[in-house]
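Enquirer: What would the 3D arrangement of this be:
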Amino acid sequence: MAAGTRKVVLTANSVWNIVNFRDGLIRALKDAGYQPVIVAPAESALQARLSELGVEHIDISIDRSGVNPIADLQLYRTYRKLFSQIRPVAVLAFTIKPNIYGSLAARALGIPAFPNVSGLGTAFIRGGMLQILVSRLYRQAFRACGTIFFQNPDDRRLFVDRGIVNAGQAKLLPGSGIDLDRFAPAPQPEGPLIFLLIARLLGDKGVREYVTAAQQLRCRMPEARFQLLGPIDEGNRTGIRPAELEAWIAEGTIEYLGTTDDVRPQLAAASAVVLPSYREGLPRSLLEGAAMGRPLIATDVPGCREVVADGINGFLCTPRDPGSLGRAMARLAELPQAERQAMGDASRRLVQERFSELVVIRAYLDELDRLDRSPS
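Expert: Below you'll find the model as predicted:
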């Protein structure tokens, strides 16, 4: 196939995920002579971003959190039909259902797929029969994949130990990578401390623990502010109910900042970034906060502990424990501003050394180069 006509599919459970986390990869693919095609549910607010990137977008329907086998079978059929029409040289998949059903459809058509396990989701956090089912689906989907990318060593080890993938297939990536020029360091803000949690409003992200910790700290730190930025996700089994959110706002516990396509102003205004999640792949909010020179407070769980060096660039706390989270936040509040700035500087250095977007882009281009060199 001639240079410039080699199509590469990027698929995820939302366009937002791709245009916000993979825009650097898309540009690099175009520079290398590939034609990226985004396959993901449409979002009208992001049409300008898609036009700016100059890529083809195909709208599909994905029930992100549902467990309806008929809907999932339809997703597989949709992928298979689209891939047979597009005939990409490879499929780059992100998020759970595109990883599974996109890889299965690519396998059926003999198209190489490179799934990226960016987090294990509720199924692995809660366990039970759903975890068993999802593990079987992963095993079938990933069987023919030459490379599966993981974002932290715990997730990679779990998949290898359970026989879901072979060790030779599983490669580590530093998350989705950070554009270090775009997320430039900002000085610690003056005035009262501002804690910021950026996440989808889910129980599994530790949102309720964050609110409880804020309620407990308000007596000791009346001037401190506790902010929450991210979308409501009522379709998720652990989603925060709108009535809960409204009650927290009404009692003055938190400031809800809604959603945004650019988190940099909120990060620059914050004193620290908080993520009390139950489990992560490699959390983007912590990486972005670290890149902008913010101290971090997070749970000692897979994904989070890759970004937070306890006592160096932030503090780790016990998952599902608002008391432990509150103590970590109080420790940070007791530090002089100069020490908080030093922690933020350490965060920036960590991202520079380990989490540059260029490392991620190079890994994908290397895999595609290997396809070009392999016998047809």
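Enquirer: Could you check how many residues crowd around residue 76?
Expert: When counting by other C-beta atoms under 10 Å, one arrives at 17 neighbours for residue 76. Where C-beta positions appear, they are placed from N, C-alpha and C, glycine not excepted.
Enquirer: Quick check: the gap between the nearest residue to it once chain neighbours are set aside and residue 81.
Expert: The shortest distance from residue 76 to any residue other than its chain neighbours is 4.4 Å, reached at residue 101 (C-beta to C-beta, 6 or more residues apart in numbering). Distance, residue 101 to residue 81, using C-beta to C-beta, to the nearest Å: 12 Å.
Enquirer: again with residue 322
Expert: Distance check for residue 322 against residue 81: by C-beta to C-beta, it reads 47 Å.
Enquirer: Which one of those two is surrounded by more residues?
Expert: More neighbours sit around residue 322 than around the other of residue 322 and residue 81, counting by other C-beta under 10 Å; the figures are 21 against 11.
Enquirer: so who does that one touch?
Expert: By C-beta atoms under 8 Å, 6 or more residues apart in numbering, residue 322 lies in contact with 208, 209, 210, 212, 213, 216.
Enquirer: Now do the same contact list for residue 344.
Expert: Applying C-beta under 8 Å, 6+ apart, one finds that residue 344 lies in contact with 185, 188, 293, 294, 295, 313.
Enquirer: Now do the contacts for residue 105.
Expert: Contact analysis of residue 105 by C-beta under 8 Å, 6+ apart lists 76, 79, 80, 83.
Enquirer: ok, the last one touching residue 113?
Expert: Think residue 83. No: using C-beta atoms under 8 Å, residue 83 is not in contact with residue 113, being 9.4 Å away.
Enquirer: Common neighbours of these two, please.
Expert: Between them, residue 83 and residue 113 share the contacting residues 91, 106, judged by C-beta under 8 Å, 6+ apart.
Enquirer: So which of these two has more stuff around it?
Expert: Neighbour tally, residue 83 and residue 113, criterion other C-beta under 10 Å: the higher count belongs to residue 113, 28 against 23.
Enquirer: Could you work out the most separated pair of the contacts of residue 105?
Expert: Comparing every pair within those by C-beta to C-beta identifies 76 and 83 as the most remote, at 10.7 Å.
Enquirer: ok now do residue 312, which residues does it touch?
Expert: Under the criterion of C-beta under 8 Å, 6+ apart, the contact list for residue 312 reads 343, 346.
Enquirer: Let the chain start at 34 from now.
Expert: All set: I'll call the first residue 34, so the last point we hit is now residue 345.
Enquirer: Mind pulling up the pLDDT for the nearest residue to residue 193 once chain neighbours are set aside?
Expert: Leaving out its chain neighbours, the residue that sits closest to residue 193 by C-beta to C-beta, 6+ apart is residue 200, at 5.1 Å. Looking at residue 200, its pLDDT is 95.
Enquirer: ok, residue 200 to residue 171 distance?
Expert: Counting by C-beta to C-beta, the separation of residue 200 from residue 171 is 15 Å.
Enquirer: repeat for residue 218
Expert: Residue 218 sits 38 Å away from residue 171 when distances are taken as C-beta to C-beta.
Enquirer: Equivalent analysis for residue 394, please.
Expert: Distance of residue 394 to residue 171, computed by C-beta to C-beta: 25 Å.
Enquirer: Got phi/psi on residue 329?
Expert: Torsion angles at residue 329 (phi, psi; degrees, to the nearest 10) stand at phi -120, psi 140.
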